[in-house]
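Colleague: what follows is a predicted protein model with its sequence.
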Amino acid sequence: MFDWLSSSAAQMTLLFASWSFLTGGLWKLFNGVEKVASAERRQRASEWLQNLDVQRPLNQLADGFVQAFDSVFGHQHFSARCFWLSCVASYLWTTVLTLLWFALRPDVWNDVDAGLRPRYVTIVVVVLVASTAVLNVLPDFISLLKTRYVIGVMRRCSSRAAIAILAADAIGCALLGWFGFLLGMLLLTGDIREAFHGATELLLMAITFTHGLDGYAIETPGAGVWFYSTFMASVWVWLYAASSLILRVAPSVGGFWKWVWSWVDVRNQPFMSLGVVSIFIITVLYVIAAPFVLFA
């Protein structure tokens, strides 16, 4: 079994599993928005995507995302419901990244000691569940609320200011990822100075993503899995913005993009249309990445 897991077929299987979890989560998310959004919100989103409302495009985009966010997570952000949904999203996102990590690191399976092989998958699952609880549950929830606040601010600012705000949002995600490492190291060492240095080392390791964590003759998914999890809300914003842009310009561009427009129901299901285009974007990125995964 371990020999097969290091093969190209296994890499593609893991890559497909990662894509399935991610696109399935996006489908569930946008479908949830579509179901709970009011008729007025759907109409406003539909009109904007059809270019019937051309005033303040950036502000309309931000307003649409805020409506989508509140439809899913509720207006009371400091609530058990919002926190629970954030936890679910954290575990979904770290699962996607873990599958992607194994797709990028097929050599890991061959390096596991023979005596540990029967228990290796169990060890990875335990590490994933426990580490996500410590490193991501709180930082990801803070990141989610941060992104909601940032997009709310964007409704009242200029385009230049919005770009600066989105850049600051990305930096904030990185800092929250480091904060998660700091919490984990503080629980592990009990010393703030040692925890600070350990968290900084993990941050440097996390940026490369493919770096694993060594110990006890095994290597588990690296710090990048938990670091990039803090970007999940921002990724939703970027996908929302990109899919909105595609749907708005598709009718005028024609060709393939007009076919994309005809394939979705912007008039009656604007949020699901955004979800379909978001999944299309993710799929294109995975198709482009597949050769690099196989031949890296």
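Modeller: Nice, I can see it.
Colleague: tell me which helix or strand of the chain sits lowest on mean pLDDT?
Modeller: Taking mean pLDDT, DSSP states H and E as the measure, the helices and strands of the chain show their lowest mean at strand 213-215, namely a mean of 54.
Colleague: got a list of what residue 50 touches?
Modeller: 266-267 (Cβ atoms under 8 Å, 6 or more residues apart in numbering). Where C-beta positions appear, they are placed from N, C-alpha and C, glycine not excepted.
Colleague: ranges for the helices of the stretch 1-150 of the chain?
Modeller: 2-5, 8-36, 39-49, 57-73, 80-104, 107-111, 117-135, 137-154 (DSSP state H, counting those that start in this stretch).
Colleague: tell me what the fifth one is packed against?
Modeller: Helix 80-104 sits against helix 8-36, helix 57-73, helix 117-135, helix 137-154, helix 224-227, helix 232-253, with contacts defined as 3 or more Cβ pairs under 8 Å, 6 or more residues apart in numbering; DSSP states H and E.
Colleague: how does it look with 6 Å?
Modeller: helix 8-36, helix 117-135, helix 137-154, helix 224-227 (3 or more Cβ pairs under 6 Å, 6 or more residues apart in numbering; DSSP states H and E).
Colleague: of the ones you listed, which is nearest residue 190?
Modeller: helix 117-135 (14.2 Å; Cβ to Cβ).
Colleague: tally of neighbours for residue 82?
Modeller: 21 (other Cβ atoms under 10 Å).
Colleague: make sure it is actually in contact with residue 75.
Modeller: No - counting by Cβ atoms under 6 Å, residue 82 stays clear of residue 75, with 9.4 Å between them.
Colleague: picking that back up, now the helices of the stretch 1-150 of the chain in a markdown table, with mean pLDDT and distance to residue 172?
Modeller: Below are these laid out as a markdown table (pLDDT from 0 to 100; distance: least, Cβ to Cβ, whole Å):
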| stretch | mean pLDDT | distance to residue 172 |
| --- | --- | --- |
| helix 2-5 | 62 | 37 |
| helix 8-36 | 86 | 21 |
| helix 39-49 | 79 | 27 |
| helix 57-73 | 72 | 16 |
| helix 80-104 | 89 | 16 |
| helix 107-111 | 69 | 32 |
| helix 117-135 | 82 | 17 |
| helix 137-154 | 85 | 6 |
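Colleague: okay, these in a markdown table with distance to residue 287 next?
Modeller: Shown next, in a markdown table, are the helices of the stretch 1-150 of the chain (distance: least, Cβ to Cβ, whole Å):
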| stretch | distance to residue 287 |
| --- | --- |
| helix 2-5 | 23 |
| helix 8-36 | 9 |
| helix 39-49 | 25 |
| helix 57-73 | 26 |
| helix 80-104 | 14 |
| helix 107-111 | 24 |
| helix 117-135 | 26 |
| helix 137-154 | 28 |
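Colleague: which SSE is residue 275 in?
Modeller: When elements are assigned from DSSP states H and E, residue 275 belongs to helix 270-295.
Colleague: buried sites along that helix?
Modeller: 270-282, 286, 289-290, 293 (16 or more other Cβ atoms under 10 Å).
Colleague: can you give me the mean pLDDT across it?
Modeller: Averaging pLDDT along helix 270-295 gives 87.
Colleague: which helix in this structure has the most residues?
Modeller: Ranked by residue count and defined by DSSP state H, the top helix of the chain is helix 159-189.
Colleague: in terms of secondary structure, what does it contact?
Modeller: Right, helix 159-189 is packed against helix 117-135, helix 137-154, helix 192-208 by 3+ Cβ pairs under 6 Å, 6+ apart.
Colleague: perfect, I'm done here.
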